[in-house]
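1. Everything below, folded, please.
(chains A, B, C and D)
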Number of protein chains: 2
Amino acid sequence: MNQKRRGRRAAGEDTRAALIAAAREVFVEKGYDGATVRAIATKAGVDAAMVNHWFGGKEGLFAQSVLQLPFDPAEILKRVLDGPVEEAGERIVRTFVTVWDATGGGTFAALIRSVTSQPEVANALKSFLINAIFKNVLAEFGVEQRELRATLCATQMVGLGIVRYVVHFEPLASVDIDTLVKVIAPNLQRYLTGDLD
Amino acid sequence: MNQKRRGRRAAGEDTRAALIAAAREVFVEKGYDGATVRAIATKAGVDAAMVNHWFGGKEGLFAQSVLQLPFDPAEILKRVLDGPVEEAGERIVRTFVTVWDATGGGTFAALIRSVTSQPEVANALKSFLINAIFKNVLAEFGVEQRELRATLCATQMVGLGIVRYVVHFEPLASVDIDTLVKVIAPNLQRYLTGDLD
DNA sequence: GCCATAGTTCAACAGATGTTGAATTTATGC
DNA sequence: GCATAAATTCAACATCTGTTGAACTATGGC
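-> Okay, the predicted model is just below:
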């Protein structure tokens, strides 16, 4: 009963967009390997062959859905830089957790779930966290040892993401944002501007 | 030409042990889904059917190889508790990184690579990090908010593991242990005994 | 030395997966 | 309006997956 009529549809049904939306959901939940083209197509309400038609294959769809971040690095950077240096840790934790929480942690979980099988995902994560955010922040603050500090910041934020969104260790997984900022920000602040020796 | 003669082999060839060793390597590198029974069997130099014969299937082999930690939680806990409270952070970072480095990061990477598809791995990680180590340490130190502190410690250590062993962000991925201890231990110490408010 | 048994390989299966080409239907350009 | 092109579904393929049962062979108890 679910069989659809063949041939071109009426205008207005944007199959491409539907696939991207569905792909985001499924990739987030299952990771690259676990997600199947058929599952994505079914969720989008179209045939699996559409993935090849519009994106050239599974990899193309992945690149166009998950790797295209749904938030703007420049916007995040602006938010993080807007305020006194000594409160940058707070702003970073609050900004990231707010953004990540908004998608139920899915955005973050998708990255981690796929980091294993897709090397490009590790690069995307690096481009975003290290290059687009932390290095710029540190350059703005004029501190030394920026490379090391940037990766240290990454350990804290990535670890926070894993514990909160992937493995769900309580109470951290459910604690409210204000508490999270209060307990974690000082540690991040040390990585940003504190004494490392 | 590679075809082996059928039937029972001469004594001394421990197929079971060979499979476990090979499984550890392959699961570490590919994660649970990415690792195939055939690849593991080939690496062990035996037929894929041996996996079912000895372990009842892929899951059984996974449980007997990766989930059987190659280090003893009690031993680690003892090392961590042996010394002044205010240096516990240092001992934790040093102990963990030493153990993880010893396997080239493979032990840790295996857990993370499999955390996505195997819920039991998340539980194993929680049992080990939170229950076996951090909660005991915190109980010994007699601080408050142990559950929250334990998960905070987990964010730092898991994040460190990911950045050093999975995504390999430099310079942190290659920095020596002493430096790592120096820069990270103070943050861990705050999560253990510091003021969270 | 005989023989049941445990260890091993082999061939094959059933299911799933990404992809492809043909068939079919609608939209668009002229 | 008509012809071409675009969009879509469908059926099928080749490949890979974990698993199974049968066939074969060395071991070890007697």
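
2. and the helix ranked longest in chain A, average pLDDT?
-> Looking across chain A with DSSP state H, the single longest helix is helix A:15-34. Helix A:15-34 shows a mean pLDDT of 88.

3. is it anywhere near DNA strand D?
-> Yes: using Cβ under 7 Å from any atom of the strand, helix A:15-34 reaches DNA strand D at A:15-16. All C-beta atoms are positioned from the backbone trio N, CA, C, and that covers glycine.

4. what mean pLDDT would you report for the helix or strand just after that helix?
-> For helix A:15-34, the following helix or strand on the C-terminal side (DSSP states H and E) is helix A:37-44. Per-residue pLDDT over helix A:37-44 has a mean of 96.

5. what's in contact with the longest helix of chain A?
-> With contact meaning Cβ atoms under 8 Å, 6 or more residues apart in numbering or on different chains, helix A:15-34 is reached by A:9, A:35-36, A:39-41, A:43-46, A:50-51, A:54-55, A:61-62, A:64-66, A:70, A:103, A:106-107, A:109-110, A:113-114, A:116-118, A:121, B:33-34, B:116-117.

6. when you compare where it runs with where helix B:15-34 runs, what's the angle?
-> 170 degrees (axes from the mean of the first three to the mean of the last three Cα atoms, to 10 degrees).

7. Send me helix A:15-34 as PDB with only the CA atoms.
-> Taking Å, rounded to 0.1, in the frame of the first residue of the first chain, the C-alpha atoms of helix A:15-34 are listed here in PDB:
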ATOM      1  CA  THR A  15      13.500  15.700  -2.200                       C
ATOM      2  CA  ARG A  16      17.100  16.900  -1.700                       C
ATOM      3  CA  ALA A  17      16.300  18.800   1.400                       C
ATOM      4  CA  ALA A  18      14.200  16.000   2.800                       C
ATOM      5  CA  LEU A  19      17.100  13.600   2.400                       C
ATOM      6  CA  ILE A  20      19.500  16.000   4.100                       C
ATOM      7  CA  ALA A  21      17.200  16.400   7.000                       C
ATOM      8  CA  ALA A  22      16.600  12.700   7.300                       C
ATOM      9  CA  ALA A  23      20.300  11.900   6.900                       C
ATOM     10  CA  ARG A  24      21.200  14.300   9.700                       C
ATOM     11  CA  GLU A  25      18.800  12.400  12.100                       C
ATOM     12  CA  VAL A  26      19.900   8.900  11.100                       C
ATOM     13  CA  PHE A  27      23.600   9.600  11.000                       C
ATOM     14  CA  VAL A  28      23.400  11.300  14.400                       C
ATOM     15  CA  GLU A  29      21.700   8.300  15.900                       C
ATOM     16  CA  LYS A  30      23.600   5.500  14.200                       C
ATOM     17  CA  GLY A  31      26.900   6.900  13.000                       C
ATOM     18  CA  TYR A  32      28.200   6.600   9.500                       C
ATOM     19  CA  ASP A  33      28.500   2.900   9.300                       C
ATOM     20  CA  GLY A  34      25.300   2.100  11.300                       C
END
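
8. Might one say that residue A:115 is in contact with residue A:122?
-> Yes: in this structure, residue A:115 is within contact of residue A:122 by Cβ atoms under 8 Å, at 5.5 Å.

9. The two: which has the busier surroundings?
-> Higher neighbour count among residue A:115 and residue A:122: residue A:115, with 25 against 18, using other Cβ atoms under 10 Å in any protein chain shown.
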